[in-house]
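J.: pasting a predicted model and its sequence here:
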Amino acid sequence: MTADPVFALIERHRQAEATAHAAEPCAKELMNQFVDEARRAYAALLAFTPTTAAGATAALVHVVQHENELAPWADNWGEIFTAAGHDFIFRIAAVLRKEA
């Protein structure tokens, strides 16, 4: 069985977030590049539909954890994530339902 590609997207997002956090304090322009990469990685994850129940579960857990950490300071980030993840929960549920 082939591994679910969502695991690579989760890891890409984790690494981009870690890079952005490790770069704090640096030049504003460089910091913006790191944050933008983390945002793109997160949007790509939200836009992707996992292919397995394990991948769907991992994606759901990662997104919930990330949102709980992100919520206090990212109120103005909505548009990029709204477009990418507007049906995220429904797609996750469909994968889990299919494999149940």
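T.: Everything's here; your move. Numbers count the residues shown, from 1 in each chain.

J.: helix or strand right after the lowest-mean-pLDDT helix or strand in the chain?
T.: One helix or strand of the chain scores below all others by mean pLDDT, DSSP states H and E: helix 78-85, with a mean of 62. Tracing the chain C-terminally past helix 78-85 and defining elements by DSSP states H and E, one meets helix 88-99 next.

J.: list the contacts of the nearest residue to A94 once chain neighbours are set aside.
T.: Nearest non-adjacent residue to A94, counting by C-beta to C-beta, 6 or more residues apart in numbering: T49, 7.8 Å away. Just so you know, the C-beta spots here come from the backbone N, C-alpha and C atoms, and that holds for glycine as well. T49 sits next to 91-92, 94-95 when contact means C-beta atoms under 8 Å, 6 or more residues apart in numbering.

J.: top of those by number of neighbours, please.
T.: Of the contacts of T49, V95 is surrounded by the most neighbours, 22 neighbours in total, counting by other C-beta atoms under 10 Å.

J.: quick one: it and T52 touch, right?
T.: Yes: contact criterion C-beta atoms under 8 Å: V95 and T52 qualify, at 7.2 Å.

J.: just to revisit the earlier point, out of the contacts of T49, who's nearest A44?
T.: The closest of those to A44 turns out to be R91 (C-beta to C-beta; 13.9 Å).

J.: give me the nearest residue to that closest one, chain neighbours excluded.
T.: T49 (4.5 Å).

J.: ok, that neighbour to R97 distance?
T.: Distance, T49 to R97, using C-beta to C-beta, to the nearest Å: 13 Å.

J.: low-confidence ranges, this protein, go.
T.: 1, 24, 70-86, 100 (pLDDT under 70).

J.: longest single helix anywhere in it?
T.: In the chain, taking DSSP state H as the definition, the longest helix is helix 28-47.

J.: next secondary structure after it?
T.: helix 53-70.
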